[in-house]
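Engineer: this is a predicted model, with the sequence first.
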Amino acid sequence: MQTIYNDLMTNYTILRSTYNSLLNNYNGLLANYISLLTEYAALQNKYDTLSTDYNNTIAIHETLLETYNAQSADHNTLNSKYQALLDKDNALQLDYDSLNSSRSMIQASYDFLNTTYTSLNQTYVDLESQINDFTQRISASENALNGDKIVMAIFIATLACLIILIAYIKKKETKPYLVIRKETVTLKPNKNQ
């Protein structure tokens, strides 16, 4: 029995040692469990906060998605309007290019006509200058002609006075004059015949 007792005591010591070791492990695990439980509580709080943030973010996301969908429709409408305006711009650009080419042709015609006008205006100025020159010549000629007319009138008046004077002088002179009478004249026969 002593052996049994010793065996039991040995077993008891081993068990006690194992128990103490397990108790130490348990205490370490318990301390670790409390630390992990504290961490778990902190993580659970973070999880709850993140879950709340997630739910709020989901709500914000849904609101933003609704806003996006509304703005996407607006974007599509505005894009359609933009395309329509772009088409109008292209059409207007074509019209502008057409008008600009027409303007270039009109400008060329204008320049040609302006050159022609300038040439004709210069011709007009030259002709007007010649007309003024001729007018001055005519005036000078008329003035000279008036002087010539006066001289001619004096000459004609002098000539008329001279003729009158000659006629007067001749009238005063006695001139033989011829009287015609009616008489019968007979011819004498010629002896030669």
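Structural biologist: Received it, and whenever you're ready, just let me know what you need. Every value quoted in this text rests on a predicted model; they were computed, and no experiment measured them.
Engineer: what's the helix or strand for residue 50?
Structural biologist: Per DSSP states H and E, residue 50 falls inside helix 2-172.
Engineer: next one: residue 185, what pLDDT does it get?
Structural biologist: Listed pLDDT for residue 185 reads 60.
Engineer: same deal with residue 137?
Structural biologist: At residue 137, the predicted lDDT confidence score is 87.
Engineer: do residue 63 as well
Structural biologist: Residue 63 carries a pLDDT value of 93.
Engineer: can you give me how far stretch 156-171 is from the chain middle?
Structural biologist: 90 Å (CA atoms, centre = their mean, to the nearest Å).
Engineer: what's the average pLDDT for that stretch?
Structural biologist: 86.
Engineer: mind listing what's buried in that stretch?
Structural biologist: For stretch 156-171, the buried set under the neighbour-count rule, 16 or more other CB atoms under 10 Å, is empty. C-beta coordinates here come from the backbone N, C-alpha and C atoms, glycine included.
Engineer: same check on stretch 133-142?
Structural biologist: In stretch 133-142, counting by 16+ other CB under 10 Å, buried: nothing.
Engineer: how near is residue 110 to residue 124?
Structural biologist: 20 Å (CB to CB, to the nearest Å).
Engineer: residue 64 now?
Structural biologist: Counting by CB to CB - residue 64 and residue 124 are separated by 80 Å.
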